[in-house]
Structure formats: C-alpha cells, structure tokens
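Enquirer: The following block contains a protein sequence and its predicted model.
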Amino acid sequence: MSKGTLERVLGVELKFLQDNRISCRFSLVMRQGDLVDIVQEKQLEGTLVEVLQVLPKQHPIALNITGKGLLNKKLPILDDSNVDALFHQAFPGVDRNDFHIQKVFGANNGLISIIRKQIVDELLGKMLRAGLLIYSFSLGAMVSSVIWPQLNSYGQELKFDGHFFKLDENREFLSYESGQAYQSQFPVKVGETPIDQQLILAYASAFQLLLHDRLLQVRADVAVVNVAFDNFIFNSHLQKKTKYFIFSLFGMLLLSFLLFSHYSEKNDQLMSSLGAKSADADQAAILQKNILDNETLLKRLNWNGGYNPGFLLTELGSSLPMQLRLNELSINDYKSDKEKPEHIPLIRILGSSNDPLRVNNWIFELKKKPWVKSVALLKFQEDRAQEQYQFTLNITY
C-alpha cells in the first residue's frame, strides 16, 4: 500500500451505553517526521446527534467502537487463514453475514470481535452524512496492541478503563476480559507523555492510522470505510505524481527558458558581430569606390604623381651628358591611343648624339633615379646628312 499524506488524524472511541447514550472520547494526533504528538483531547457523553455536533470534521477519523452490542471471544489459533471456521468456532449458530468481524492473532491465541452490521451501518451512514471522513474502523480494546510497547505497564498484565489483557513474556496476547473493576492504579504514560486511560483507545486508533504504512493494522472489514481509505491513498498518490509532474514540467520550462535566453543572447551577439562586419564591408566598398573615383579624376587631370615639372627638368638636365643634345621634350603629352586611357605619367624626349655609347650610358643613369619607373628607347637611327644619331626615349615615373 502506498504511503498517503496523513499529517493529522482524529482518533475517536464511541462507547455505547444504555438508553442510546454514547460516551465519546477523541484524541487529535499530529505526525512530524518520526515524532507523534497529541494536539487535542476531549471526552463527552450524550446522544449521537450531540456527539456529531462536537466532533471536528476537517480531519481524517480512525473510529473505534466499544461497549454495548460488541462481543469478543478468545480462541486458540489453529488455522488463521480460515475466517469462517474461526467465526463458527467462536460463535456457533450465528449467521456470519449479519456481523462485521475483526480478528487479531497473537502467537498462540486470537481474539475475534463482532458487532451487528445494522448497528454499524446505521452509525456510519449518519456520520458520513454529517461530513466526517472515516478512514479506519476497529472494534474493542484490541486496537491498543499497536501502542503496547509504548505504555508504561509492568509485568504481564495490562489494565485500563475497564479492559484487562494478559500478555506473555514477549508481550504477545494471551487473553482478554472487560469490566469496570479493571482500572489502572497508576498514571498511564505513552512514552514520556501522560495520558488519561479513557483516551488510550482513541489515541491508539489515531496512531495506527497515522502510521498505516509502518504498522500491522487492527481493523474490522467494513467495505465503505475500506473504499474511502483506498480512495484517499489513491488520490494522495495521484496528487504526489501530479506535483512531481508539475515540478518536472516547471523545471523543464525553466531549463528551456534558460537555454533559450542563453542562445538568444549568443544569437544577438552573432547578429551584432555580423552587422558590424557587414558595416565594415560596406564601408570598405565605399572607400574602394572613392579611391577608384579619385584615381580616375587624377588621371583625367593628368596628375603627374606629385612631381613638379621644374624638378623633372632639373633632374634630366643635371644627368644629361655633354655629347647629347635634346631637340624636343614633352611631359604627359600622350601620342598613342593606348597611352591616353591609362594616363601613365610620361616624359618623351627626342634628341641627337654623335656617340651612341653616351645614349646608352644616359639610359642607365636615368634608371638609377628613384622617381623613374622605366626608360624605353623607342627609336635610334643614323642621320647621315647630319652625321648624327637620332633617338627617342619614353620615361615613366
């Protein structure tokens, strides 16, 4: 059986008296971990209506019936699996179907307690209609066996509130008797807590229901109570599963949110980086276009690389050998269709010399100039009439 979520249980003993009077004793017991404490105790006497008006309705109830109408019979244990045989052995000639039965076994002896179904069913019907939650139903004083180890009794006899048990050396059940003469002569304690002997059965009933997952239950087989308890256990188990599912779902949602936030942040960073790179690429493209436009403009303006024409002429004149004579010099005066679109800075020199070697030496000197890119000899021919050699040079810079 699965463990339910019982934290507080109301143990109720209803003792049937004469003239439809009931002595009601109840004990509200609370469980905190492994500790069980008594929260509230009360005793009253009256009719069932008066009792029902006093009983708290918000707590699960462990109900115990004693007094008038209850029969108990001790018998040796021969076959505890055959309830019918035990019942007929204890109560020969009695119809089992007319009674609710509770059987409790000791080491060698057992106690069978019976009460008419008509009495119990009518009582339970009124209590359920009054809004009480009854999850456990027991008959007689045998329910006290669940707390025998806690009671401060000595020897092999146990007396309280008209009940008398004989126990063996292992505190196992031997026999039971009832009578008003059986009263405890000393204060009764459960562990270290004093308890009124008239409240022992109420406390024991609540105690065994509170610890239903740990104790062997002393209960009568009453279908309506068993179904209510099983439904409670099932609903408690379902509620726990629902809570676990909700917490798990919440945890998954939280994890999903954290992962989404993390990757969303990463995506924003990537998008920002991509945007920056795109902006850089766009800026680079704009700069490249500006450079090309400026270069085109400079070529259209015949920009000569920033060299002053006076500087160029000085450089050419200082390196010119005496044996060479310049007949014509032009700067960036493009003659061919190939030169014009390229706008290459160009110096064209037409000259003459009577010594071809001097022309060749001047070309080498010009090539040494840091501002000169290339020197090309386009034409070199002999003029027989002048006894001179005519040459044409193209200098790029």
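Expert: That came in fine, so what should we check first? Since the structure is predicted, the reported quantities are computational estimates derived from the model, not experimental observations.

Enquirer: Roughly how far does the one residue sitting closest to the centre of the chain sit from residue 263?
Expert: Centroid check for the chain by Cα atoms, centre = their mean gives residue 251 as the closest residue, at 2.7 Å. According to Cβ to Cβ, to the nearest Å, residue 251 and residue 263 sit 18 Å apart. C-beta coordinates here come from the backbone N, C-alpha and C atoms, glycine included.

Enquirer: Below-threshold pLDDT in the protein: ranges please.
Expert: Low-confidence segments of the chain (pLDDT under 70): 1-5, 78-83, 237-245, 298-306, 334-343.

Enquirer: what packs against the lengthiest helix in it?
Expert: The single longest helix within the chain, with elements called by DSSP state H, is helix 223-300. Where contact means 3 or more Cβ pairs under 8 Å, 6 or more residues apart in numbering; DSSP states H and E, helix 223-300 is packed against helix 117-129, strand 133-139.

Enquirer: And residue 181, how close does it get to residue 161?
Expert: 11 Å.

Enquirer: Out of those two, name the residue with the larger neighbour count.
Expert: Per other Cβ atoms under 10 Å, whichever of residue 181 and residue 161 has more neighbours is residue 161, with 22 against 9.

Enquirer: Let me know whether the more buried one touches residue 195 as I believe.
Expert: No. If you go by Cβ atoms under 8 Å, residue 161 and residue 195 don't touch, sitting 10.9 Å apart.

Enquirer: shouldn't residue 106 be in contact with residue 172?
Expert: Yes. The criterion here is Cβ under 8 Å, and residue 106 meets it with residue 172 at 4.5 Å.

Enquirer: which of these two has more neighbours?
Expert: Neighbours per residue, other Cβ under 10 Å: of residue 106 and residue 172, the larger number sits with residue 106, 19 against 15.

Enquirer: Contacts only, for that one.
Expert: Applying Cβ atoms under 8 Å, 6 or more residues apart in numbering to residue 106 gives the contacts 77, 168, 172-174.

Enquirer: List buried residues within these.
Expert: Neighbour-count burial (16 or more other Cβ atoms under 10 Å) applied to the contacts of residue 106 gives 173-174.

Enquirer: Can you say which two of the contacts of residue 106 are spatially most distant?
Expert: Using Cβ to Cβ, the contacts of residue 106 span at most 13.4 Å, a distance reached by 77 and 168.

Enquirer: any idea how the chain splits into domains?
Expert: Per the record, the chain has its domains at 8-221, 234-301, 309-396, by automatic domain parsing.

Enquirer: I am finished for the moment; much appreciated.
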